[in-house]
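# I need the structure of the sequence given here:
(one chain, ligands or ions: 2)
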Amino acid sequence: MTDDEKARAKYEKKLARMRERYHQKKSDKQWFERERIRKRVQKRISRLRDLSKARAEERVKYRKRTITYKADPTKNNARLSLNYSVRHGLIKKPKKCSVCKNALGRIEAHHKDYSKPLEVVWLCSVCHGKKHRMPN
Ligand SMILES: [Zn+2]
Ligand SMILES: [Zn+2]
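Ligands and ions are numbered 1, 2, ... in the order given. Take a look at the predicted model:
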């Protein structure tokens, strides 16, 4: 083998190695890309799953509430007339709880007497809960 041939053989070997490395890198890249997409899709699917779970729970809660109200027409009527009055500005819903003056969270209407739908006390959920546990 002449020096020339040796040099060429060496060069070809080097070239082959480079080619191999290039293909490996390329397939790594493709794998990486595939993996990235797979993870993204999985994330999206699990997020959707969580969302539909939350929606289903919300629906169950809503249904339960509707059943409770329907079981007691007086209560349901009181709620409907109050909602109507608030929506049409006949009654102003305050931003604070009338007991603890807390403005955090939802302010709820408490009926002392469901036959008087517009006579309500506005309470935060904490005070409202207390009110129902020990009525006065
Ligand atoms: Zn309160
Ligand atoms: Zn109440």
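
# rest of the way, CA atoms for contacts and neighbours
Fine.

# Buried residues, stretch 74-88. List them.
Neighbour-count burial for stretch 74-88 flags 74-79, 82-83, 85 (criterion: 16 or more other CA atoms under 10 Å).

# actually stretch 123-136, sorry about that
Buried residues in stretch 123-136 (16+ other CA under 10 Å): 123-125, 127-128.

# Please narrow these to those residing in helices.
Assigned to helices by DSSP state H, the following of the buried residues of stretch 123-136 qualify: 125, 127-128.

# residue contacts, Lys61?
Lys61 sits next to no residue when contact means CA atoms under 8 Å, 6 or more residues apart in numbering.

# Grab the longest helix from the chain for me.
Counting by DSSP H, the longest helix found in the chain is helix 3-71.

# Only C-alpha atoms, please: export the next helix or strand after that one in PDB.
Once the chain leaves helix 3-71, the next helix or strand it forms, by DSSP states H and E, is helix 73-87. Only the C-alpha atoms of helix 73-87 are listed here, as PDB (Å, rounded to 0.1, in the frame of the first residue of the first chain):
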ATOM      1  CA  PRO A  73     -90.800  25.500  47.000                       C
ATOM      2  CA  THR A  74     -90.900  28.300  49.600                       C
ATOM      3  CA  LYS A  75     -87.200  28.400  49.700                       C
ATOM      4  CA  ASN A  76     -86.900  28.200  46.000                       C
ATOM      5  CA  ASN A  77     -89.400  31.000  45.500                       C
ATOM      6  CA  ALA A  78     -87.500  33.100  48.000                       C
ATOM      7  CA  ARG A  79     -84.300  32.500  46.200                       C
ATOM      8  CA  LEU A  80     -85.800  33.300  42.800                       C
ATOM      9  CA  SER A  81     -87.400  36.500  43.900                       C
ATOM     10  CA  LEU A  82     -84.300  37.700  45.600                       C
ATOM     11  CA  ASN A  83     -82.100  36.900  42.600                       C
ATOM     12  CA  TYR A  84     -84.600  38.800  40.400                       C
ATOM     13  CA  SER A  85     -84.500  41.800  42.700                       C
ATOM     14  CA  VAL A  86     -80.800  41.900  42.900                       C
ATOM     15  CA  ARG A  87     -80.400  41.600  39.200                       C
END
